[in-house]
Structure formats: C-alpha cells, structure tokens
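1. Pasting a predicted model and its sequence here:
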Amino acid sequence: MTQDLTDGLPGLGVKDVGGIEGVRGSGGVGTVDAPAPAAERRSAGERPSASVVVCCYTEARWDDLRGAVDSARAQLAAGDELVLVVDNNDTLLRRASAAMPEVTVVASTGPRGLSGARNTGVAVTTGEVVVFLDDDARAEPGWLDRMLAPYADPQVMGVGGAALAAWPTDRPGWFPPEFDWVVGCSYTGLPTSRAPVRNPIGASMSFRRSAFEAVGDFTEGIGRTGTDPMGCEETEFGIRLRQSNPDAVVLYEPGSVVAHRVTSDRATFTYFRRRCYAEGLSKARVAGLVGQESALEAERTYVSRTLPRAVWRDLTGGGHRARAAAVVFGVAATSFGYVRGRVGQRRVAS
C-alpha cells in the first residue's frame, strides 16, 4: 500500500492530487518511506551541498509560497542553503524579508521573468547543486535527499523530480493525463523509474553548479514572465548542456516528489488552449536557438506513441470522447503555435 503523497500538506487532500501512472501504482516507485528526522539525516559530506532556490513574483500566492519554503527548509542538511528570489515586486520583497528572517531573501537582478530570477539564484548561492522549487509546489518528505542521491555518479549533471498535480477539486474529466505538462506537472509518458531525460520539469529540478559554469545561465527571453503561459527555458538549457558535453546525463527521479498546486483558472479549457499554443511558440524559440532536431527529439516519440495510445484508450476503454478530443486539440494547438513561431522567425531573418 502506497503512502498518500499529500500527507502533511495543508489543503492538499488525497483526492486533490493526480499523479502520473506508476508514481503511485505498483509499476512505479512504490511506497515512499518517511526520512529520518533532520538531526539524524546523513551529513552534507555524504552528498553534494545544495542551494535550494525558490522564485516568486506575486503576493497572490503567499500561502503557497510559505508552504514551499517551509517544506524545503525542513529538509536542509548542514552546508545547504535556501534562497528566495523575488522577481520585480518590492512589496513582496519587503513582506518576505520581514516574515521569513531565517531565509535569505533577495531581489532578482535580471530582467522580469522566471529565467532572470533563476539566474539570480544561481549567482547568489554557493552549493554544489542548485535546486529549483516552484513557489506553488510543496516538497514531500525525502524530496531533497532523493533529488541529490543520483549525483553520486559524476556524469549526472541534472536531476528532476516528479511534480504531481494538486487539483482544486477533482481532475476535470476531459483533461488527459498525458497533458499534465500544461499545468507544470509530470505526465503519462514519462519514465516510471529513474531514467535519463532530455530535460527536467521546472517545478522541481536541479543542476550541478559546474553545468552553469560550463554552458552559462538560463537563456533570458524564453520562459514564463508573470502569468503568461510561455515556457521551455529548462528545455533549452538541458539541450545546450548535452550539446556542450554529450556525456552529460540528466535524470528523471520520480521518487523525489512535490505536490504542485493547480489553480481553478488553470483547470479550464481556455487555459489548456492558451498553454498548448504557447508551448508551440516556446518550442519554436528553442528550435531557433539549438536547432529543430534537438528541440523536437522527445516530442516525436510523445506524439507518435504516447498520444495515439491515449486516444485509443479513451475511445475504446471507457467512452472518454471528450478527453480523446482534448488530446487531438492539444496536438493541433501546439503544432499551430510552433509553425507560427517558426514562420515569424524566418520573416525576421529575411
């Protein structure tokens, strides 16, 4: 029997969290054992030191932000650090500094947006591994240790964990689990045990500091700014890392788990449409930077294998025609965004 992955997370009950197949089931990680108390955990000398970076931009997520910070802080070992980077919001900067004196709170020194804030976090920290946790995600017990364990292999340059969707009520019946990336979460089609991937999911990911020293920061100008639904800065960074060092390994570790809040507005078809289209635009930007072959390497398998199985399942296994239609629409909207983005690039170039 698997442990409820939301134990101890206020406001996130068992019915709220929808994970990828295999994370909770018998085919995946299995039971998530509670770690030893902080005082009994292994010393930082037995694993790389960690700098946990949480980026935030709005007071509207204050309760989620406090939950994210508290969940990460409880897992720090000697030599680790926790930094909160506030993206161009002086009011939030003052509030966080006053309310969280035990946390290093800094203002982003980059341009507005998540990439600039993350780059600030890299610049002001010193840990061997830089760990990024979204401000609306809460780390499960053992999250940090499981994130850091694969770094015992010197070829491992990045590790991402599982982000399980914490829906406002129940998962919408039309929302296919293969598209949980729309809400920043792990999705059906990802590995169900530790395995190499092109790039991690941004809500819960990490890279060696030496990776940033080798290939530079997250590229600014792609990725999310405020509430706009763009993305892919971690995709571009992961590709650039592998292009620089073909032996570098980025792993998906589904045993390192966070519960990622899905707000009611993101559980709508309107947001689904906008996010799919924006993903296509974002992938077009990535293709312009690192090449189309690298930018779409993972998507080819996803579109040719994972999504056809999803449509077949929903049309034949349970009469979920709306969910099957959402898969088809999602592919179309993403493809349209990609084509429009690439055409725009060619027009600018000419």
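-> Yep, it's here.
2. contacts and neighbour counts: CA atoms only from here.
-> Fine.
3. where does this protein dip in pLDDT?
-> The chain contains residues with pLDDT under 70 at 1-45, 223-228, 295, 350.
4. Recalculate using a threshold of 90.
-> Applying pLDDT under 90 to the chain flags residues 1-46, 220-233, 282-283, 285-301, 317-319, 342-350.
5. Where do the helices of it begin and end?
-> Assigned by DSSP state H, the chain shows helices spanning 62-73, 90-99, 114-124, 143-148, 209-215, 233-244, 269-290, 292-295, 297-301, 307-316, 321-349.
6. Buried ones in the second one, by neighbour count?
-> Buried residues in helix 90-99, defined by neighbour count with 16 or more other C-alpha atoms under 10 Å: Leu92, Leu93, Ala96.
7. ok so, going back, which of the helices of the chain sits closest to Ile222?
-> helix 233-244 (5.8 Å; C-alpha to C-alpha).
8. Give me the helices and strands touching the closest one, please.
-> With contacts taken as 3 or more C-alpha pairs under 8 Å, 6 or more residues apart in numbering; DSSP states H and E, helix 233-244 sits against helix 209-215, helix 269-290, helix 292-295.
9. Just put those helices in a markdown table and tack on distance to Glu140.
-> Below are the helices and strands packed on helix 233-244 laid out as a markdown table (distance: least, C-alpha to C-alpha, whole Å):
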| stretch | distance to Glu140 |
| --- | --- |
| helix 209-215 | 24 |
| helix 269-290 | 27 |
| helix 292-295 | 31 |
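10. Tyr187 is nearest to which of the helices of the chain?
-> Nearest of those to Tyr187, taken as C-alpha to C-alpha: helix 307-316 at 11.4 Å.
11. elements contacting the closest one?
-> Under the contact rule (3+ C-alpha pairs under 8 Å, 6+ apart), helix 307-316 is packed against helix 321-349.
12. so what's Val131 up against?
-> Ala50, Ser51, Val52, Val53, Ser204, Met205, Ser206, Phe207 (C-alpha atoms under 8 Å, 6 or more residues apart in numbering).
13. Relative to Ser206, how far out is Gly317?
-> Plainly put, Gly317 is 38 Å away from Ser206 if you go by C-alpha to C-alpha, to the nearest Å.
14. er, Asp170 actually
-> Distance, Asp170 to Ser206, using C-alpha to C-alpha: 30 Å.
15. the more surrounded of the two?
-> Ser206 (28 against 12; other C-alpha atoms under 10 Å).
16. Skipping adjacent residues, who's closest to that one in space?
-> Val131 (4.1 Å; C-alpha to C-alpha, 6 or more residues apart in numbering).
17. burial count for Ser335?
-> A total of 19 residues lie near Ser335 under the criterion other C-alpha under 10 Å.
18. For it, which residues are in contact?
-> Tyr277, Gly280.
19. Was I right to think Tyr204 contacts Asp136?
-> One thing to correct before we go on: residue 204 is Ser, not Tyr. No. With contact defined as C-alpha atoms under 8 Å, Ser204 does not reach Asp136; the gap is 10.7 Å.
20. Which one's more surrounded, the two?
-> Shown here are Ser204 and Asp136; by other C-alpha under 10 Å, Ser204 has more neighbours (29 against 24).
21. who's the closest residue to the more buried one other than its chain neighbours bridged to?
-> Leaving aside its sequence neighbours, Ser204 sits nearest to Leu133 (C-alpha to C-alpha, 6+ apart; 4.9 Å). Note on Leu133: beta-bridge partners Val54, Ser204, judged by DSSP bridges.
22. thinking again about what came up before, and of the helices and strands packed on helix 233-244, who's closest to Thr334?
-> So among these, helix 269-290 is nearest, using C-alpha to C-alpha, at 4.4 Å.
23. Tell me what angle the closest one forms with helix 321-349.
-> Using axes from the mean of the first three to the mean of the last three C-alpha atoms, to 10 degrees, the direction of helix 269-290 lies 40 degrees away from that of helix 321-349.
24. Now do the buried residues in helix 269-290.
-> Applying 16+ other C-alpha under 10 Å to helix 269-290 flags 271-287 as buried.
25. what's that helix packed up against?
-> helix 233-244, helix 292-295, helix 321-349.
26. For Ser304, find the nearest of the helices and strands packed on helix 233-244.
-> Among those, the nearest to Ser304 by C-alpha to C-alpha is helix 292-295 (15.5 Å).
27. any residues touching the closest one, and which ones?
-> Applying C-alpha under 8 Å, 6+ apart, the contact partners of helix 292-295 are Thr235, Glu236, Ile239, Lys283, Val286, Ala287.
28. my guess is the second one meets Gly288, correct?
-> No. Because the distance of 10.2 Å does not satisfy C-alpha under 8 Å, Glu236 is recorded as not touching Gly288.
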